[in-house]
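Trainee: next input, structure requested:
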Amino acid sequence: MSLHALVVGSDEKIVRVLRRVLSDLEIGIDTCQDSGAAVHKLSRQRYEAVIVDCADEHMASQVLRSARSAPCNKRAVAVAVIDGQTAVRSAFALGAHFVLYKPISTERAKSSFRAVRALMKRERRRNTRLAVQIPVVLTVDKGSGQQKTVTTDLSEGGMAIQLSRRPGNAGAMRAHFTLPGTDCLIDCAVEVAWGNAGRQAGIRFVDLAPESHRRLKAWLNSHSPETEKDDPPVACKLTDLSLGGCYLEMTSPFPVKTRVVLSMRVAEAEVQVEGVVRVMHPEVGMGVLFRQKTTQQREQVEKFIQALMSNRGDPPELLVEPEGLDTENVEPRNGDGDADDPLVELFHTKADLSTDAFLIELRRQRGPNSDAARASASS
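Mentor: Numbering: from 1, shown residues only. Sure, this is the predicted structure:
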């Protein structure tokens, strides 16, 4: 199944460049010159991306708002075409995930759209549901004890199940099930995302362990009729590092709220750590908060940092790949400990600064004997 994007704007030169670039990246496009036609298409057809020329901010706002309200396009990746750095904040306020600066060149657009395409693929694959019946045991901490059920479909983010009784506000729940044909037991906290009068419910996975997520992802990929592979990870440069997060330089950073996996390869070893993008500066880089909600996640962060700090041989290869957008929640603060982590505190308190001002604050935090400076030198 090919990717599709909707391009909205009346500048024929921009449309020609985008058509050429997207065609080279195997992304099909539809075009509209006004918001009325765009809204009509968004209500009837699914797109993995919506690209809007923000020369008319009111029109752009209408289109992006319509995409968010259309059930089939609410998770589409939004790209804003803007006049310059001064319009970045407005574009993100409208709901854009990426921006393209005018004048648009083929090379710059292609570089940016490699990151866009990677996220388009991950969002579509993450939300693709596989019709499968798997026995599940729901354990409720308070109230009704255990309840056995069967899935009607399964995805990376959750599952639909048929319940004999409604769970109601029974407290925290856990789901236990084994992937068919494997010895992989999935055991994780879950929450009810939706329910209907027919006692069907959608269950969302909460804090699924990295190894369980990897095996679930691999199992779904091997059983899905969709044969398209994810794009390869993107190379990046580590410039700042703390126990709570890092800053990565890259020409095509991923948008705020993107869940990412950062991989470091050095010699024959590979270490991975999960994070979520908290700060993004187009064409410059992004700030990533490490996810440390589970013991396994915390251990991976510690292993990642230790490997970086102890490396004295060849420079490590750093790669980042998207896992999908967290559209509902921004990564919360970890608590009072954030005040002891200047980098994380900077992400939380200075995210609205201009790119240049934010980079100045980053440099102020560095010192010749800091962990950030040593890690940056080793990468």
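Trainee: so who does the residue nearest to residue 121 when sequence neighbours are not counted touch?
Mentor: Take residue 121 and drop its neighbours on the chain: the residue closest to it by CB to CB, 6 or more residues apart in numbering is residue 230, 5.4 Å away. (Each C-beta comes from the backbone N, C-alpha and C, glycine too.) Residues counted as contacts of residue 230 (CB atoms under 8 Å, 6 or more residues apart in numbering) are 118, 121-122, 125, 321.
Trainee: for residue 95, same thing?
Mentor: Listed by CB under 8 Å, 6+ apart, the contact partners of residue 95 are 64-65, 67-68, 78.
Trainee: which of the contacts of residue 230 fall in strands?
Mentor: Among the contacts of residue 230, DSSP state E puts residue 321 in strands.
Trainee: farthest pair in the contacts of residue 230?
Mentor: For the contacts of residue 230, the farthest-apart pair by CB to CB is 125 and 321; their separation is 12.2 Å.
Trainee: give me the subset of the contacts of residue 95 lying in strands.
Mentor: Short answer: these in strands (DSSP E) are residue 78.
Trainee: just to revisit the earlier point, wait, a strand at the residue nearest to residue 121?
Mentor: No: checked against DSSP: H, G, I helix; E, B strand; the rest coil, residue 230 lies outside a strand; its state is coil.
Trainee: picking that back up, redo the contacts of residue 95 as JSON lines? Include neighbour count, distance to residue 364 and pLDDT.
Mentor: Listed next are the contacts of residue 95 as JSON lines, based on neighbours: other CB atoms under 10 Å; distance: CB to CB, whole Å; pLDDT from 0 to 100:
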{"residue": "64", "neighbour count": "25", "distance to residue 364": "35", "pLDDT": "91"}
{"residue": "65", "neighbour count": "15", "distance to residue 364": "38", "pLDDT": "90"}
{"residue": "67", "neighbour count": "26", "distance to residue 364": "39", "pLDDT": "90"}
{"residue": "68", "neighbour count": "16", "distance to residue 364": "37", "pLDDT": "87"}
{"residue": "78", "neighbour count": "24", "distance to residue 364": "33", "pLDDT": "94"}
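Trainee: hang on, the earlier thing: any idea how far the residue nearest to residue 121 lies from residue 359?
Mentor: As judged by CB to CB, to the nearest Å, residue 230 and residue 359 stand 30 Å apart.
Trainee: what about the top helix by length along the chain, average pLDDT?
Mentor: Across the chain, the helix with the greatest residue count (assigned by DSSP state H) is helix 106-126. If you average the pLDDT over helix 106-126, you get 87.
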